[in-house]
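*Asks:* The sequence and its predicted three-dimensional model are supplied below.
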Amino acid sequence: MIPISRRAAAVQPFLAMDVMAAAAAKTRRGDDVVRMEVGQPSAPAPRAVIAAAQGALAAGRVPYTEALGLPALRERIARDYAERHGVAVDPERVVITTGSSAGFVLAFMSLFDAGARVAVPQPGYPAYRSILAALDLVPAPLVLRAEDRFAPTAALLRETHALEAVAGALVMSPANPSGTVIAEAALRDLCAAARELSLPLISDEIYHGLSYGLPTVTALRFDPDAVVINSFSKYHCMTGWRVGWMVVPEALVRPIERLAQNLYISAPYLSQVGALAAFEATEELDAIREGYARNRAILLDAFPGLGLGSVHPADGAFYLYADVANLTNDATTFCRRMLDEANVAATPGLDFDPELGSHHVRFSFAGSEAECREAVARLRTWLR
């Protein structure tokens, strides 16, 4: 009998990926599936990114890089914080990672010892809980509230810490699955509360660049010691390139470097070369974001008539998180039937909220306008 480790057993399935596999299987069988299950841009990487990677590949050698990343890319990211946010960041504090996923592993391993409780938003990105469990850490839910627009607040952090002490906190803006942006004043107060409680704050800013009204503000504006995690996957349309970054306090640079050297060696060279070129593609990327804004408007206009009218604030990212309680109390079965019968793939809310997710569904609008309109037409027929 092959033993299964306790850590592996503690990790729950990533339902979005399970739905993705089921949708892909239907597509291979010849079905025309509208894919709204995974947070993945349908647009290709920018032309400049592809050209830069092709040029590097043509040069022949694809080497390791330094564990912290290509110096030129670290410097360009630091410059972007000055240009975009008015925040001075030393390039030495920038760490290039194999996607944001590696950033979470490095952040958790460098900050917390086994058994520590770490506050994470609920509903929230499911990999937070799973990575913590795999590292023998304990996810402590920051249960988001409608009266706070489903955004974490300073008061909520204090309440959660008072109920049972946590060793640190992670917040996300814009959020997955809700798209909620933490308003500037609320983020300032949240950073202040974390400092007051002597809690390290991890800020997941992977959807920065994708917002529809409310501006996105980095936690570094209010706390230079915040651990910020970002990626080229979402705004820059580089999901499969697996390249992201962290900005970390100076004291964490060497510990994270040691971990990265041993766990990953380095992020992929070609992806780092492409990422450097991504900063020259703002016009192209902003046009893609405008497409998301049109898709968002299509769904927000149509959903009430489909019985999907109650959605979390979709300030940013490219998701609608819809309450389907009037249609079902089993969102997992609902999504399975929706895929099988309507050929529309979406993710059940249990991925994001183990308590209330059974009556929520997340729809991604990162596809084309035509796909969003087709999804609405299919759902209208299926739900009538």
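*Replies:* Received, thanks.
*Asks:* now for the longest helix along the chain, which elements pack on it?
*Replies:* Ranked by residue count, the top helix of the chain under DSSP state H comes out as helix 282-302. Other helices and strands packing on helix 282-302, by 3 or more Cβ pairs under 8 Å, 6 or more residues apart in numbering; DSSP states H and E, are strand 319-323, helix 369-383. (Glycine included, C-beta is placed from N, CA and C.)
*Asks:* Tell me which of those sits nearest to residue 200.
*Replies:* Distances from residue 200 to each of the helices and strands packed on helix 282-302 were compared using Cβ to Cβ; the minimum, 27.3 Å, belongs to strand 319-323.
*Asks:* Could you export that closest one as CSV, CA atoms only?
*Replies:* Extracted as CSV, the C-alpha positions of strand 319-323 are listed here (Å, rounded to 0.1, in the frame of the first residue of the first chain):
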residue,chain,number,x,y,z
TYR,A,319,-15.4,37.7,-12.0
LEU,A,320,-19.0,37.9,-10.9
TYR,A,321,-19.8,36.0,-7.7
ALA,A,322,-23.5,35.3,-7.9
ASP,A,323,-25.8,34.1,-5.1
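*Asks:* before we move on, the earlier item: only the buried residues of the longest helix of the chain, if you could.
*Replies:* The neighbour-count check on helix 282-302 (16 or more other Cβ atoms under 10 Å) flags 284, 285, 288, 289, 291, 292, 295, 296, 298, 299, 302 as buried.
*Asks:* And stretch 40-51, by the same measure?
*Replies:* 40, 41, 43, 45, 46, 48, 49.
*Asks:* Can you list the neighbours in contact with the longest helix of the chain?
*Replies:* Here helix 282-302 makes contact (Cβ atoms under 8 Å, 6 or more residues apart in numbering) with 41, 43, 46-48, 209-210, 212, 235-237, 278, 311, 314, 318, 320, 363, 365-369, 372-373, 376, 380.
*Asks:* sorry, back to before: relative to residue 25, which of the helices and strands packed on helix 282-302 is closest?
*Replies:* Set against residue 25 and scored by Cβ to Cβ, the helices and strands packed on helix 282-302 come closest in helix 369-383, at 18.6 Å.
*Asks:* Keeping just the C-alphas, turn that closest one into CSV.
*Replies:* Only the C-alpha atoms of helix 369-383 are listed here, as CSV (Å, rounded to 0.1, in the frame of the first residue of the first chain):
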residue,chain,number,x,y,z
GLU,A,369,-17.8,39.6,-25.8
ALA,A,370,-19.3,37.0,-28.1
GLU,A,371,-18.7,34.3,-25.5
CYS,A,372,-20.4,36.3,-22.8
ARG,A,373,-23.4,37.0,-25.0
GLU,A,374,-23.6,33.3,-25.9
ALA,A,375,-23.4,32.3,-22.2
VAL,A,376,-26.3,34.6,-21.4
ALA,A,377,-28.4,33.2,-24.3
ARG,A,378,-27.7,29.6,-23.2
LEU,A,379,-28.5,30.3,-19.5
ARG,A,380,-31.7,32.1,-20.4
THR,A,381,-32.8,29.0,-22.3
TRP,A,382,-31.6,26.6,-19.6
LEU,A,383,-33.1,28.5,-16.6
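*Asks:* how far does it sit from the chain's center?
*Replies:* When distances are taken as Cα atoms, centre = their mean, to the nearest Å, helix 369-383 is centred 25 Å away from the chain's centroid.
*Asks:* do the same with stretch 231-248
*Replies:* 10 Å.
*Asks:* cool, stretch 217-224 as well?
*Replies:* So, by Cα atoms, centre = their mean, the centroid of stretch 217-224 is 18 Å from its chain's centroid.
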